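Visitor: A predicted structure for the sequence below; I have some questions about it.
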Amino acid sequence: MSFKSLGLSEPLLRAISKKGYEIPSPIQAKAIPPVLEGKDVLASAQTGTGKTAGFTLPLLHLLSENPKEKYRPIRALILTPTRELAAQVYANVKEYSEFLNLRSTVVFGGVNQKPQAAKIRQGVDILVATPGRLIDLENQGLLSLKRVEIFVLDEADRMLDMGFLRDIERVMKLMPDKRQNLMFSATFSKDIKKLAYTILNNPVQVEATPENTAVEIIEQKVYRVAKGKKTGLIIKLISEGNWKQVLVFNRTKHGANKLCKNMISAGISAAAIHGNKSQGARTKALAGFKNGSVRVLVATDIAARGLDIPLLPHVINFELPNISEDYVHRIGRTGRAGASGEAISLVSADETSFLRDIEKLIDMKIDVEVVEGFEPDPNASREPIKQGQGRSQTRSRNSSQRNSGNSKNSNRNQSRRRSDNRG
Ligand code: AMP
């Protein structure tokens, strides 16, 4: 399949080849044709799948086919949850429209609104915006959405996480009823489906998120346990189950080291991999794990990412990740030749909110068990644990870094992001 065969115009094909793209990504191949036909589209796709070009290319094609003379009303609105994503999408719009007679701009909060308003006053065909600033400008009469023909809601799930539902509803009232709608989301909770129902009109559904479906075939289990009894429980599970190759996730480097030591003291061969380990040490640990001399590999999320770890029968979350998407990445490591694997999470009281976020993301309840002698502490606080060193400080949560672990975070992160990014 080529971009040309999708029916995109010559100026767009030139821009695509200038970007160096040779073939459409799956989401592009699926989304571009229905958008070109003028249909509403509901796409399940996350960052990294090429979704931006998936909606931008056909949108530009449609607008350029039918140019407006003289003054330029805003004919396409692309709404994104964060400033970073808005800036990124705008950069894409500019690149893809290089050979077309279309103008675009971006508006988001946190910066002076004057230059944004001035740009809009000069006339733009395409506006990329975050909800807050968009509504501010409209309230001041500095822009009108009355001529919007195409509306794109990008990262709809994140929009809801960040509390933008009301703003989205307000924006919709500012646009004409008759318009084409495209909605992109990495996940499909009930709330997202509800939103899709109110925005979209008889949509074509397309998807490109294999990871979400993997969740359904992996056997998942939660052991509720007192924090101080986790080490004892994990040792019991591994020894009594006689598990030979277990990948264990820890949030912090320090925690990974400590757990590794405790395993070794209990007679279970183990190695840790994390950011503080040299490349040599990591390679050695991984080789040992693959050849069976290391039974348990204890890893942090960052260290595990990008590692060529084979699919395993057992993955254990010694601690739940505070970024829900990481849970999906972690458990995606289980499974053997078509058979499903088992993903176990040891959850203490202070991880309750993380568990709730994860269940929301994967849209299912995970079975809970308690092992005698390892019961949860009824007096323990449910206050979320402080973010661990390793990860949270080394990885900011802006959209440009979300290729591998995106979308839903804990409530705490969400509210932080919201105050950071709200447009
Ligand atoms: P996105 O999911 O839209 O954030 O895109 C992820 C990355 O893939 C971006 O760096 C794009 O420039 C790149 N990309 C998008 N479409 C293609 C394609 N058809 N071939 C190669 N790279 C692409």
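Guide: Structure received. Numbers count the residues shown, from 1 in each chain.

Visitor: Could you list the low-confidence segments of the stretch 251-400 of the chain?
Guide: Across the stretch 251-400 of the chain, the ranges flagged by pLDDT under 70 are 279, 303-311, 335-340, 386-400.

Visitor: which residue ranges form the helices in it?
Guide: Listed in chain order, the helices found in the stretch 251-400 of the chain under DSSP state H, counting those that start in this stretch are 253-265, 279-291, 301-304, 324-331, 352-362, 389-392.

Visitor: Over to the stretch 1-150 of the chain?
Guide: Secondary structure of the stretch 1-150 of the chain (DSSP H, counting those that start in this stretch): helices at 10-19, 26-36, 51-65, 83-96, 114-121, 131-139.

Visitor: Setting aside sequence neighbours, what's the nearest residue to the residue of the stretch 51-200 of the chain found nearest the ligand?
Guide: Closest approach between the stretch 51-200 of the chain and the ligand, counting by CB to the nearest ligand atom: residue 52, at 3.1 Å. For every residue, glycine as well, the C-beta is placed using N, CA and C. In space, and not counting its chain neighbours, residue 52 is closest to residue 92: 4.8 Å by CB to CB, 6 or more residues apart in numbering.

Visitor: Go ahead and confirm the one you found touches residue 53.
Guide: Yes: applying CB atoms under 8 Å as the test, residue 92 and residue 53 come out as touching, 6.6 Å apart.

Visitor: Looking at the two, which has the bigger crowd around it?
Guide: Per other CB atoms under 10 Å, whichever of residue 92 and residue 53 has more neighbours is residue 53, with 26 against 18.

Visitor: count of residues packed around the closest residue to the more buried one other than its chain neighbours?
Guide: Among residues not flanking residue 53 along the chain, residue 28 sits closest, at 5.8 Å (CB to CB, 6+ apart). Around residue 28 there are 29 other residues, counting by other CB under 10 Å.

Visitor: my read: residue 28 touches residue 56, true?
Guide: No: here residue 28 does not reach residue 56: they are 10.0 Å apart, not a contact under CB under 8 Å.

Visitor: What's the end-to-end length of stretch 115-135?
Guide: For stretch 115-135, the first-to-last residue distance is 16 Å (CA to CA, to the nearest Å).

Visitor: so what's residue 250 up against?
Guide: By CB atoms under 8 Å, 6 or more residues apart in numbering, the residues touching residue 250 are 256, 259, 298-300, 318-319.

Visitor: distance of residue 134 from residue 97?
Guide: From residue 134 across to residue 97, the span is 20 Å (CB to CB, to the nearest Å).

Visitor: actually residue 384, sorry about that
Guide: 44 Å.

Visitor: neighbour count winner among those two?
Guide: Using other CB under 10 Å, the more surrounded residue of residue 384 and residue 97 is residue 97, with 23 against 18.

Visitor: what about the residue of the stretch 51-200 of the chain closest to the ligand, how many neighbours?
Guide: Using other CB under 10 Å, residue 52 has 24 other residues around it.

Visitor: before we move on, what about the one 4 residues further on?
Guide: Neighbourhood size, residue 56 [other CB under 10 Å]: 27.

Visitor: Same question for residue 160.
Guide: Residue 160: 21 neighbours (other CB under 10 Å).

Visitor: Please list the residues of this protein that sit near the ligand.
Guide: Selection of the chain residues close to the ligand by CB under 6 Å from any ligand atom yields 21, 24-25, 28, 47-53.

Visitor: just to revisit the earlier point, any idea how far residue 140 is from the residue of the stretch 51-200 of the chain closest to the ligand?
Guide: For residue 52, the distance to residue 140 (CB to CB) stands at 29 Å.

Visitor: Same check on residue 197?
Guide: Noted for residue 197: a distance of 32 Å to residue 140, by CB to CB.

Visitor: next one: residue 350
Guide: The gap separating residue 350 from residue 140 is 45 Å, by CB to CB.

Visitor: what's the closest non-adjacent residue to residue 164?
Guide: Going by CB to CB, 6+ apart, residue 164 has residue 131 as its nearest residue, at 5.0 Å.
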